[in-house]
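Undergrad: next one to model:
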Amino acid sequence: MGLLMLASAWPVVAARVQIEAERVVLGPGSGRNLHITLDQPAAGPAVARVVMSDFDSGLGWRYAALSAECELTVTAEASACIGALQADRLRRALNLAWAADGGSITLAEGRRRLAARFDLAQPDRVRVQAQALPVSWAQPFLATVWATAQPSQGRFGGEIEIRFPASGPLRTLARLDLDGLGLDTPDGSLAAAGVSGRIDIDQIGTGGGSQVRVGGRLTAGEFLWGTVYVGLGAEPVEGSLDLVGEADGGWTIAEFKWSDGATLSAQGSGRIEADGGLTALRVHAESATLAALAERYLSGPLGLAGLAGMRLSGRIAATVELARDGPVAITVAPEQVVLVDAGGRFRFAGLDGVLRWTAADQPVESDLAWSGAAMHGIGIGPVRLAWRSHAGALDLRQPATLELLSGRLELERLHVEPPMTGRSAVAELALTVVDVDLAALSQALGWPSFSGTLSGRLPMARYARQRLDFDGGLSMRVFDGNVAIRALSMERVFGVAPSLAAEVEFTGLDLQPLTAAFGFGEITGRLDGHLHRLRLLDWQPVAFDAALLSAPVQRGPKRISQRAVQDISRIGGSGLIAGLQGQALKMFSTFGYARLGLRCRLDNNVCSMDGVGSAGDGYTIVEGAGLPRINVVGFQRRVDWPVLVGRLKAATEGQLPTIE
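TA: Reported below is the predicted structural model:
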């Protein structure tokens, strides 16, 4: 600027002035190898040329080579120099102006303008005005606060004031208007697009010990932080962030606030490492409208959890504490919350209370209740669950009883370890089922219409590493008999292609209600049997060794109806009804039997069939007794599994073979 004052008193004769300096300091900035040349030709305007190396603005912008050239215009009131500035590969139009009270430097490129004003009355500060600047122009300054941020799109404008007192730290104050801002981080942990609004920045100092306060009001845009996607709605969102720089390049988050009306209010503190990693965080958040919260903030986490489209309502408050290795403590306090799964798998109503989880050894206790619930359409009565948490696990403090289809579910043990860094989720369960209405259960699950009640006990089930194991087996009382399931395990229960393995034994099942439930012809007596080496893939059988056999010792009559004879004949495939002609069969409604049974060993989608004994080239399915006497014999030893399933379906739907 002093050159402009010198030119105003310079006589118009051919002359040259050169100034050199090894190092120069300009407010917060500095440079090396400064060369200034001022040429005044005999005719025409004077020309100023400036060359500098290793220029550092002190605000993030650094250039290995900087040069400027401009033509001087001098009047009694003011002086100006208009030309161009070259900074490394960047080239901008340059306008220098000087008057008695100060001066200005303006850089321009089309509509984009950056103007710095110097006031002699306040020599320790510079005021900058920005107009329609690409956000990429601010990358060097942004990197002094957030090293991993990479702005990609959008514009900004506004006012910036830089204060550089002789004693004391550099201070930068800015009020900026954002238009369609976009940025991301190299690791993809954070991204933003289309962000518009106004922000205020107050930064004192740089590096360790510096302080930064950012506040603002956002009117549009979308964010992605990890799995959390946020789309700003019609109402503006206000927020603030206070940071303190540390010597190692990290930042302490002294406080942050986020206010999105009734949808979400949050505040907290934490720490960010120099590489951008979050190593400590404490957040308290509240929402008075869970429906809006789910739509605007929770779509990502819910989708990853397989809960896309879940409907929520009510209020909730939560406090979360995180460390480098994962969560430290979580408290969730729902208030009259309703959760409805879009797939109809579950529903909870009137969820209320507090649930506390801690990674510390010191236990914490809490209680959570609901007024009503359902799982796959099966209603569950109200309950209050008493919890205790310590060392990263949640346990029931005491057993709980849930009303279930006119019976009850006695929850003896429930142990849950949520997934942590490097560790998968773990859950353990023990329960007893008492007198559950089978008719209501079968209707809810779409099963055949069973009658009676269901009782049983599950000593222990354990879920870990996507595998569910049932220790000690599962025993049930059904159809006045017993069913025991051993070696039961499931893999990828909530993933792709779930699988199941089990050994099943059943004894003393009452055949009359059992056959009625499946729409089969009536049979009286008792049934024993097994399903050994059972394997299901994606809930479809791929292997088993099954036997359905009449109990060897039983009281009461053993009778089989004409309809049942026909059904069994059809299932056996080309079955031969021996001992009576077809016309005679029509004369009797039931027959006695000594034994009946059917076996199937499934392998490679083919069933190897057998019965209770051999009959020449075939196998006996029903061995008659008394008069009239009837035997049913099957001759197809190998049957394709889909064909057998079709026969079973036809039999249970009443599609009978024709008897002539």
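Undergrad: what's around residue 324, how many residues?
TA: For residue 324, the count of nearby residues is 11 (other Cβ atoms under 10 Å). No exception for glycine: its C-beta is placed from N, CA and C like everyone else's.
Undergrad: OK, contacts around residue 384?
TA: The neighbours of residue 384, taking Cβ atoms under 8 Å, 6 or more residues apart in numbering as the test, are 353, 367-369, 400.
Undergrad: go again using 7 Å as the cut-off
TA: Taking Cβ atoms under 7 Å, 6 or more residues apart in numbering as the contact definition, residue 384 lies against 367, 369.
Undergrad: got it, and residue 370?
TA: Neighbour list for residue 370: 348-351, 382-383 [criterion: Cβ under 7 Å, 6+ apart].
Undergrad: any idea how this structure splits into domains?
TA: 1-120, 129-309, 479-652 (automatic domain parsing).
Undergrad: can I get those in a markdown table including mean pLDDT, distance to residue 465 and mean neighbour count?
TA: Compiled in a markdown table, those are given as follows (pLDDT from 0 to 100; distance: least, Cβ to Cβ, whole Å; neighbours: other Cβ atoms under 10 Å):
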| stretch | mean pLDDT | distance to residue 465 | mean neighbour count |
| --- | --- | --- | --- |
| domain 1-120 | 84 | 48 | 15 |
| domain 129-309 | 88 | 17 | 16 |
| domain 479-652 | 82 | 9 | 17 |
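Undergrad: quick one: which helix or strand includes residue 567?
TA: Element membership for residue 567 (DSSP states H and E) is helix 562-572.
Undergrad: where does the prediction get shaky in the stretch 301-450 of the chain?
TA: Low-confidence regions of the stretch 301-450 of the chain, defined here as pLDDT under 70, cover residues 421-422, 448.
Undergrad: helices of that one, residue ranges please.
TA: Residue ranges of the helices in the stretch 301-450 of the chain, as given by DSSP state H, counting those that start in this stretch, are 438-445.
Undergrad: check the stretch 451-600 of the chain too.
TA: Counting by DSSP H, counting those that start in this stretch, the stretch 451-600 of the chain has these helices, from start to end: 511-517, 562-572, 582-585.
Undergrad: now those in JSON lines, with distance to residue 492?
TA: Formatted as JSON lines, the entries for the helices of the stretch 451-600 of the chain read as follows, by distance: least, Cβ to Cβ, whole Å:
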{"stretch": "helix 511-517", "distance to residue 492": "31"}
{"stretch": "helix 562-572", "distance to residue 492": "33"}
{"stretch": "helix 582-585", "distance to residue 492": "49"}
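Undergrad: of those, which approaches residue 187 most closely?
TA: The closest of the helices of the stretch 451-600 of the chain to residue 187 is helix 511-517. By Cβ to Cβ, the value is 57.3 Å.
Undergrad: which one of the helices of the stretch 451-600 of the chain lies closest to residue 555?
TA: Taking Cβ to Cβ, helix 511-517 is the member of those nearest to residue 555, at 13.1 Å.
Undergrad: using CSV, write down the CA coordinates of that closest one.
TA: Once non-C-alpha atoms are left out, helix 511-517 reads as follows in CSV (Å, rounded to 0.1, in the frame of the first residue of the first chain):
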residue,chain,number,x,y,z
LEU,A,511,-54.2,-89.6,17.3
GLN,A,512,-57.9,-88.5,17.4
PRO,A,513,-57.4,-84.8,18.0
LEU,A,514,-54.1,-84.9,16.0
THR,A,515,-55.6,-86.2,12.8
ALA,A,516,-58.6,-83.9,13.2
ALA,A,517,-56.3,-80.9,13.5
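Undergrad: quick revisit: mind putting the domains of the chain in CSV, distance to residue 394 included?
TA: Conversion of the domains of the chain to CSV gives the following (distance: least, Cβ to Cβ, whole Å):
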stretch, distance to residue 394
domain 1-120, 48
domain 129-309, 17
domain 479-652, 19
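Undergrad: quick one: closest of those domains to residue 396.
TA: Taking Cβ to Cβ, domain 479-652 is the member of the domains of the chain nearest to residue 396, at 21.3 Å.
Undergrad: just how off-centre is that closest one within its chain?
TA: The chain centre lies 46 Å from the centre of domain 479-652; the measure is Cα atoms, centre = their mean, to the nearest Å.
Undergrad: ok, stretch 235-247 next?
TA: Centroid separation between stretch 235-247 and its chain, computed with Cα atoms, centre = their mean, is 25 Å.
Undergrad: can you give me the helices in the stretch 101-250 of the chain?
TA: Taking DSSP H, counting those that start in this stretch to define them, one finds helices in the stretch 101-250 of the chain at 139-145.
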